[in-house]
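>>> fold the following, please.
(chains A and B)
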2 protein chains.
Amino acid sequence: MFYLVGLGLGDAKDITVRGLEIVKKCNKVLLEAYTSILTVGQEVLEAFYGRPVIIADRELCESNIDDILKEAIHTDVALLVVGDPLGATTHTDMLLRAKQLGVETEVVHNASIINAVSCCGLQLYNFGETVSIPYWTETWKPSSFFDKIVGNFSRNLHTLCLLDIKVKEPTEESLTKKIRQYMNPKFMTVSEASSQLLQIIEARQNSNITKSTLVVGLSRIGSPDQKIVARSLGEMQNYDLGPPLQSLVIPAPVLHPLELDYIRHYSVS
Amino acid sequence: MFYLVGLGLGDAKDITVRGLEIVKKCNKVLLEAYTSILTVGQEVLEAFYGRPVIIADRELCESNIDDILKEAIHTDVALLVVGDPLGATTHTDMLLRAKQLGVETEVVHNASIINAVSCCGLQLYNFGETVSIPYWTETWKPSSFFDKIVGNFSRNLHTLCLLDIKVKEPTEESLTKKIRQYMNPKFMTVSEASSQLLQIIEARQNSNITKSTLVVGLSRIGSPDQKIVARSLGEMQNYDLGPPLQSLVIPAPVLHPLELDYIRHYSVS
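Numbers count the residues shown, from 1 in each chain, chains lettered A, B, ... in the order given. From the prediction side, this is the model:
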């Protein structure tokens, strides 16, 4: 059996009881470590589970997944995924591949930022489509995600912006070489995301989202030291929300009184 | 401390390890039993937790919540909620009330249908706003949710439709009487929801959603006997997905090849 087990958002104890039972009984346990991270690392998880955990990077999950899946024909293998296991396309793809190989699968769901974002008081049913904000490079500065934010905003819907993370990304120079070299991991902050949004707004001139628009920054949601702040986009550019992971919400222009009451608790101005 | 603890979607073991620790240590544990249900009842939860659990109905949660919160000033009280605790407005409202009364609060997140819907292979970031389909009565047949579905569909986004549940609802006749009488609990099925949608489509004539549109029915997501089927809306009207809870998804008209591959597994035609 091939298990995809969601770890939730905070630390080791955010796994479900069902998930923990699976982790304890499996022959092999892998930790997917490139689409998201917990607030604790491999050692803490191993101590909590009382068993070794193998780090699974992008290469393993995308190129060598067949070997793992073939093992799961005869033994029990679990892949642990931060948040809910089906939040990223990679893992849906794995389930399809498993079906093709005749491997039985089971998914253990958990909280993800897609639903836990409700902790800021904005109602889930008032969210439009979720967007991802990628790190810009010197030569690649996409802004199509902004159209989706504007679309949600104009229909009075909130937008959850997932912020880019880069873990074990090959450097551009090493892509053509035999030996891969990797960049240091980096996690986009709410401040960086706000800065990219402000550059897009400036370039486009007539957007209904401006530097005065109220936005909500979230960090380390689900952990005891989670932070939620409400500021104007202009102010958010200079606000430090601390360690990763972080997410940004662009609320609808007109909030429900209950949402407004709640957001006030996170706002200084 | 007042804890809001998410129970996830399946049975007793879908609580997180953190959540279970809280349940075991609290002085009082309530189970919110009117916005959603698990596949198991109070007795199974009590046996699993090794402690009594008090059923909290709408009256208790909405009218008498202050008494509960005041208790939580000096002792530890947990309210258990199926799915994620902040999926319904009721619970966000409780947190606001707690702040006003000076009660400390903590939220333990868990999976909800809002993210677990990804189990059907449709990508979460391709979902537009979520809608709720209410039970129609003889005199009340709202259809505004249909405009939202059409809006999502025309922007090539999926729509998750949450289906109405009625638990401990007073009968209309008893609303004006001293002694309340309650209706039997009922949970809208995918078949019933499809039938209401077809009636709206017929009344409106020129909708881009028709009885031939592909829809996905989900039941008991997160439990071992979960069911996922893909059918035309017309066929779904006559399809029995078994016991509750059920949800309906109206996928975008153009699917990603990966989504299409996945959906095929749930489709007969």
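
>>> could you pull out the helices for the stretch 1-150 of chain A?
Using DSSP state H, counting those that start in this stretch, the helices of the stretch 1-150 of chain A run over A:17-25, A:42-49, A:58-62, A:65-74, A:89-101, A:113-116, A:144-154.

>>> which of the ones you listed comes out lowest on mean pLDDT?
The weakest mean pLDDT among the helices of the stretch 1-150 of chain A belongs to helix A:58-62, with a mean of 83.

>>> report all helices and strands that that one contacts.
Where contact means 3 or more C-beta pairs under 8 Å, 6 or more residues apart in numbering or on different chains; DSSP states H and E, helix A:58-62 is packed against helix A:89-101. Every residue, glycine included, has its C-beta placed from N, CA and C.

>>> from the contact counts, what lies against the helix it packs on?
Applying 3+ C-beta pairs under 8 Å, 6+ apart, one finds that helix A:89-101 contacts strand A:2-6, helix A:58-62, helix A:65-74, strand A:77-81, strand A:105-108, helix B:257-264.

>>> buried sites along it?
By neighbour count on 16 or more other C-beta atoms under 10 Å in any protein chain shown, the buried set for helix A:89-101 is A:89-98.

>>> now swap in stretch A:236-250 and tell me
For stretch A:236-250, a neighbour-count test (16+ other C-beta under 10 Å) marks A:236-237, A:239, A:241, A:244-250 as buried.

>>> what's the most distant pair in these?
A:Pro244 and A:Ile250 (19.7 Å; C-beta to C-beta).

>>> okay, the buried residues of helix A:89-101 in JSON lines with distance to A:His256 next?
Converted to JSON lines, the buried residues of helix A:89-101 look like this (distance: C-beta to C-beta, whole Å):
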{"residue": "A:Thr89", "distance to A:His256": "32"}
{"residue": "A:Thr90", "distance to A:His256": "35"}
{"residue": "A:His91", "distance to A:His256": "34"}
{"residue": "A:Thr92", "distance to A:His256": "33"}
{"residue": "A:Asp93", "distance to A:His256": "38"}
{"residue": "A:Met94", "distance to A:His256": "39"}
{"residue": "A:Leu95", "distance to A:His256": "37"}
{"residue": "A:Leu96", "distance to A:His256": "39"}
{"residue": "A:Arg97", "distance to A:His256": "43"}
{"residue": "A:Ala98", "distance to A:His256": "42"}
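
>>> which one of those residues is nearest A:Ile179?
Taking C-beta to C-beta as the measure, A:Ile179 sits nearest to A:Thr90 out of the buried residues of helix A:89-101, at 24.8 Å.

>>> can you pull the residues of the stretch 101-250 of chain A lying near chain B?
A:107, A:109-112, A:114-116, A:118-119, A:121, A:123-132, A:151, A:155, A:157, A:162, A:221-222 (C-beta under 8 Å from any C-beta of the partner chain).

>>> deepest-packed of the helices of the stretch 1-150 of chain A, please.
Each of the helices of the stretch 1-150 of chain A was scored by mean neighbour count; the highest is helix A:113-116, a mean of 28, by mean count of other C-beta atoms under 10 Å in any protein chain shown.

>>> residue ranges with poor pLDDT in chain A?
For chain A, residues meeting the criterion pLDDT under 70 lie at A:268-269.

>>> could you chop it up by domain?
When chain A is parsed with automatic domain parsing, its domains come out as A:2-111, A:114-264.

>>> ok, the residue at minimal distance from the centre of chain A - contacts?
With distances taken as C-alpha atoms, centre = their mean, A:Ser36 lies nearest the centre of chain A, 5.3 Å away. A:Ser36 is in contact with A:81-83, A:87-88, A:165, A:245, counting by C-beta atoms under 8 Å, 6 or more residues apart in numbering or on different chains.

>>> next up, the contacts around A:Val77.
Residues near A:Val77 by C-beta under 8 Å, 6+ apart: A:1-3, A:26-30, A:68-69, A:71.

>>> is it true that A:Tyr266 touches A:Ile228?
Yes. In this structure, A:Tyr266 is within contact of A:Ile228 by C-beta atoms under 8 Å, at 4.7 Å.

>>> pick out whichever of the two has more residues nearby.
A:Ile228 (20 against 16; other C-beta atoms under 10 Å in any protein chain shown).

>>> in the sheet, who's paired with the more buried one?
The partner list for A:Ile228 in beta bridges (DSSP bridges) reads A:Leu218.

>>> returning to what we had before: and the contacts of A:Val77, which two are the farthest apart?
Pairwise distances across the contacts of A:Val77 peak at 14.9 Å for A:Val29 and A:Leu69 (criterion: C-beta to C-beta).

>>> and the contacts of the longest helix anywhere in chain A?
Longest helix in chain A by number of residues (criterion: DSSP state H): helix A:190-204. Contact with helix A:190-204 is made by A:133, A:135-136, A:143, A:146, A:149, A:161, A:163, A:207, A:209-211, A:215, A:217-219, A:233-234, A:236-241, A:246-248, as judged by C-beta under 8 Å, 6+ apart.

>>> from those residues, which land in strands?
Of the contacts of helix A:190-204, the ones assigned to strands by DSSP state E are A:133, A:161, A:163, A:215, A:217-219, A:246-248.

>>> which of those residues has the most neighbours?
A:Leu248 leads the ones in strands among the contacts of helix A:190-204 on contacts (other C-beta under 10 Å) with 27 neighbours.

>>> for that one, give me its contacts.
Residues counted as contacts of A:Leu248 (C-beta under 8 Å, 6+ apart) are A:133, A:161, A:163, A:190, A:193-194, A:215-218, A:236.

>>> distance of it from A:Val77?
Distance, A:Leu248 to A:Val77, by C-beta to C-beta, to the nearest Å: 35 Å.

>>> go on, A:Lys186?
From A:Lys186 over to A:Val77 the distance is 30 Å, taken as C-beta to C-beta.

>>> do the same with A:Thr16
Using C-beta to C-beta, A:Thr16 is found at 18 Å from A:Val77.

>>> burial check on A:Pro52, number of neighbours?
10.

>>> hmm, it is touching A:Glu43, no?
No. Contact criterion C-beta under 8 Å: A:Pro52 and A:Glu43 do not qualify, at 10.5 Å.

>>> thought A:Met236 was touching A:Ser219?
No. Taking C-beta under 8 Å as the definition, A:Met236 is not a contact partner of A:Ser219, at 12.0 Å.

>>> can you report how many residues neighbour A:Leu31?
21.

>>> with A:Pro134 instead?
A:Pro134 has 15 neighbours, counted by other C-beta under 10 Å.

>>> quick one, phi psi at A:Ile250?
Dihedral pair for A:Ile250: phi -100, psi 100, per degrees, to the nearest 10.

>>> look at the closest residue to it other than its chain neighbours and say how many residues are nearby.
Closest residue to A:Ile250 apart from its sequence neighbours, by C-beta to C-beta, 6 or more residues apart in numbering or on different chains: A:Thr159 at 4.5 Å. Other residues near A:Thr159 come to 24 when the count uses other C-beta under 10 Å.

>>> give the helix, strand or coil label for A:Thr159.
At A:Thr159 the chain is in strand, as set by DSSP: H, G, I helix; E, B strand; the rest coil.

>>> so how far is chain B from it?
Separation of A:Thr159 from chain B (C-beta to the nearest C-beta, to the nearest Å) stands at 11 Å.

>>> show me what contacts that residue?
Counting by C-beta under 8 Å, 6+ apart, A:Thr159 has contacts A:127-131, A:148-149, A:152-153, A:249-250.

>>> thinking again about what came up before, can you put the ones in strands among the contacts of helix A:190-204 in CSV and add distance to B:Leu255?
As requested, those are arranged in CSV below (distance: C-beta to C-beta, whole Å):
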residue, distance to B:Leu255
A:Ile133, 24
A:Cys161, 24
A:Leu163, 27
A:Val215, 32
A:Gly217, 33
A:Leu218, 30
A:Ser219, 34
A:Gln246, 31
A:Ser247, 27
A:Leu248, 28
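
>>> I'd guessed A:Gly8 sits against A:Leu20; true?
No. The pair A:Gly8 and A:Leu20 fails to qualify as a contact (C-beta under 8 Å) at a distance of 11.5 Å.
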